[in-house]
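>>> got a sequence here, can you build the structure:
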Amino acid sequence: MPWSIATVEENRRSFCEQMTRCGAKMSQVCRAFGISRKTGYKWLRRFREAGEEGLRDCRRRPRSSPWQAPVEVVTLVLGLKQTYPYWGPRKLHRLLYQDHPEAPRVGISTVGRILARHGLVIPRETPVIYPTVTRFERSEPNELWQMDLKLVMELPGGTKWYVAGILDDHSRFALGLWWLPNLSEGAVLDCWIAAARRYGLPQQTLTDHGAQFRMVDGTTSAFRTYLWACGVSHTQGRVKHPQTQGKIERFWGTLDKELTPQLRCVDRSFWPEIMERWRVQYNTRRPHESLADDAPNAHYHPSDRDFSEPDRRARIGRPDSIYRNVSPRGRISLAGRRVMIGRGVAQWTVEARPLGNGCWHVYFRHHFLREFLLDKQPKCVTHVPVHM
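Numbers count the residues shown, from 1 in each chain. You can find the predicted model right below:
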């Protein structure tokens, strides 16, 4: 004879039937069914009140939820999520009360539950744990600009589209994004000049060791020379150490996630307009966690140092020095000889200081470039790049 399998409701009905028989004792019947007397009394009461219907499990949902998020808040959260699909509960919570301060107050976790309930939570990948990196942040806007180049789109035909970006270190304010027709040092320098014309001069600019910023002929690059002429220091991070430019590298990650999918859906002629609109959104709307959930424009203001085109023939240095115009190939005449100064200072005026015994030091705007001993074969001591 096979074992009989009874459901929970059948066991409850059998228990109540036995309890309704004359002479049945609660403790004995409960012991036979393996339940407590409290449970036995509960099911017996339900059975007497509602019959077999009372033996079914009741819904566990509470009759009322006084702390449930109001419908108007749910509607606003879903509307913001539709507008900013890549933003999470923290940023949406900030915008919710920034745009609608009169809305009923809820917490960040409530916003997260609203998104989860409607299937709008983007699953996160398992985070990669990297070694601890020392972080830095400048105390005022325009103390340091971080500049970098990014391959944003590669079309099927092999055409590559690059973007140059500049980010303020203190406020994370994106000063500009430019599509580059080519990766020449002139095109990259034009981007920096455009930012300086609009926002004024920074004290320092940080880049990596890309070809547009690399030292040429062991002295300096055209990019660094121009910054020196403007009174701006140029600093480069360690080679193969992108953590030094961590803020703009993180900015590129946000751009990849939020902007690149939009660019893939439209014609290339609309890219500049879409990118500028996204930059404005990033600067004025997107809450930044490291800024106490403020947008970058709340912490940024233009520089008080106005930009003006530097004079390439200006004689800046000691009054007793000799000044020479550098040829397009990076050479000058010094003590009757043609010596290489560097193509990075081509078509600028440099300062040569005689030290005696045929020794000369060459400077550009008080920055040391090279040393020459002209009574022998030219001996060069090059400028040592500054690293962060």
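
>>> contacts only, for the closest residue to Phe372 other than its chain neighbours.
Among residues not flanking Phe372 along the chain, Trp360 sits closest, at 4.6 Å (C-beta to C-beta, 6 or more residues apart in numbering). For every residue, glycine as well, the C-beta is placed using N, CA and C. Contact analysis of Trp360 by C-beta atoms under 8 Å, 6 or more residues apart in numbering lists Leu334, Ala335, Ala352, Arg353, Pro354, Glu371, Phe372, Leu373, Leu374.

>>> among the residues you listed, the buried ones, what's the ChimeraX command?
Burial among the contacts of Trp360 is assessed by 16 or more other C-beta atoms under 10 Å; the matching ChimeraX selection reads:
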select :334,352,353,371,372,374
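
>>> what is the nearest of the contacts of Trp360 to His93?
Distance to His93 across the contacts of Trp360 (C-beta to C-beta) is lowest for Glu371, with 60.2 Å.

>>> how about the secondary structure of the closest one?
With DSSP: H, G, I helix; E, B strand; the rest coil as the basis, Glu371 sits in strand.

>>> that one contacts Pro354, doesn't it?
No: using C-beta atoms under 8 Å as the test, Glu371 is too far from Pro354 to be in contact (11.7 Å).

>>> relative to Pro141, how far out is the closest residue to Tyr199 other than its chain neighbours?
What sits nearest to Tyr199 in space, not counting adjacent residues and going by C-beta to C-beta, 6+ apart, is Pro302, at 4.6 Å. Taking C-beta to C-beta, to the nearest Å as the measure, Pro302 falls 8 Å from Pro141.

>>> so these two - more neighbours on which side?
Between Pro302 and Pro141, counting by other C-beta atoms under 10 Å, Pro141 is the more crowded of the two (21 against 14).

>>> where in the chain is pLDDT low?
1-4, 124-125, 127-135, 216-217, 376-388 (pLDDT under 70).

>>> mind listing the helices for it?
Assigned by DSSP state H, the helices in the chain fall at 8-19, 26-33, 37-50, 71-83, 89-99, 108-117, 185-199, 222-229, 246-258, 260-263, 271-284.

>>> distance to Leu155 and mean neighbour count added to the ones you listed, as CSV?
As requested, the helices of the chain are exported to CSV (distance: least, C-beta to C-beta, whole Å; neighbours: other C-beta atoms under 10 Å):
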stretch, distance to Leu155, mean neighbour count
helix 8-19, 63, 16
helix 26-33, 73, 13
helix 37-50, 70, 14
helix 71-83, 29, 16
helix 89-99, 32, 18
helix 108-117, 35, 16
helix 185-199, 19, 18
helix 222-229, 28, 23
helix 246-258, 16, 17
helix 260-263, 11, 14
helix 271-284, 12, 15
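
>>> can you say which of the ones you listed is nearest to Leu149?
Closest of the helices of the chain to Leu149 is helix 185-199, at 7.0 Å (criterion: C-beta to C-beta).

>>> which residues sit in contact with Leu255?
Leu255 makes contact with Lys150, Val152, Val163, Gly165, Trp278, according to C-beta under 8 Å, 6+ apart.

>>> from Trp43, how far off is Ser27?
Distance of Ser27 to Trp43, given as C-beta to C-beta: 15 Å.
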